[in-house]
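Peer 1: Give me a 3D structure for the following:
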Amino acid sequence: MKKIFVLALAAATFAACQQSKSSVTADSAVTATKTEVVAPENAPVISFESGMYNFGKISQGEKVNHEFKFKNTGKSPLIITNATATCGCTTPDIPKAPIKPGDSGVIKVVFNSTGKMGMQDKIVTITSNANPETTEVHLIGEVQEIAAK
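Peer 2: The predicted model follows:
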């Protein structure tokens, strides 16, 4: 009797796994279809003069300030909603007002090298209503140890 019960339980478990597997696949297909977004033709487009700034070699503790210049090459106002960096040592500052089509703006970034050593690649991810919604810019360079006196 125990063998029959164990076999029935195993069969039920196997059948349940097969049902949930197929339902997960169907749900995933529905989710993928829902999240697929096509940007309208009149969407704003953020175009950076340069998406990378090489600050070269600096001594530990120095701060690097850079302005990433961009232009809205799209057909509607560009609204930058957020900018985040890969670590707390890098602070981006975004424009608060919408950027009209054809107009330019800057994203100011400050990198504090205190506690950092070696090659650095700090990534700032910008979120906006542009096509695409997220864009990355990079601050790269090398932080050297302060020479002993």
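
Peer 1: Domains in the protein, by residue range?
Peer 2: Using automatic domain parsing, the domains assigned to the chain come out as 1-36, 46-144.

Peer 1: Is residue 60 in contact with residue 120, as I believe?
Peer 2: No. Assessed by C-beta atoms under 8 Å, residue 60 is found out of contact with residue 120, at 10.9 Å. Heads up, the C-betas are built off the backbone N, CA and C, glycines and all.

Peer 1: between the two, what contacts are shared?
Peer 2: Listed as contacting both residue 60 and residue 120 by C-beta atoms under 8 Å, 6 or more residues apart in numbering are 113, 143.

Peer 1: quick one, which of these two is more surrounded?
Peer 2: It is residue 120, of residue 60 and residue 120, that has more neighbours when counted by other C-beta atoms under 10 Å, with 21 against 13.

Peer 1: contacting residues for the more buried one?
Peer 2: Contacts of residue 120 (C-beta under 8 Å, 6+ apart): 111, 113, 139-143.

Peer 1: Now the buried members of those.
Peer 2: 111, 113, 139, 141, 143 (16 or more other C-beta atoms under 10 Å).

Peer 1: for the spatially most central residue of the chain, which residues make a bridge with it?
Peer 2: The chain has residue 125 as the residue nearest its centroid, 4.2 Å off, counting by C-alpha atoms, centre = their mean. Judged by DSSP bridges, the bridge partners of residue 125 are residue 84, residue 136.

Peer 1: Understood, closing this out.
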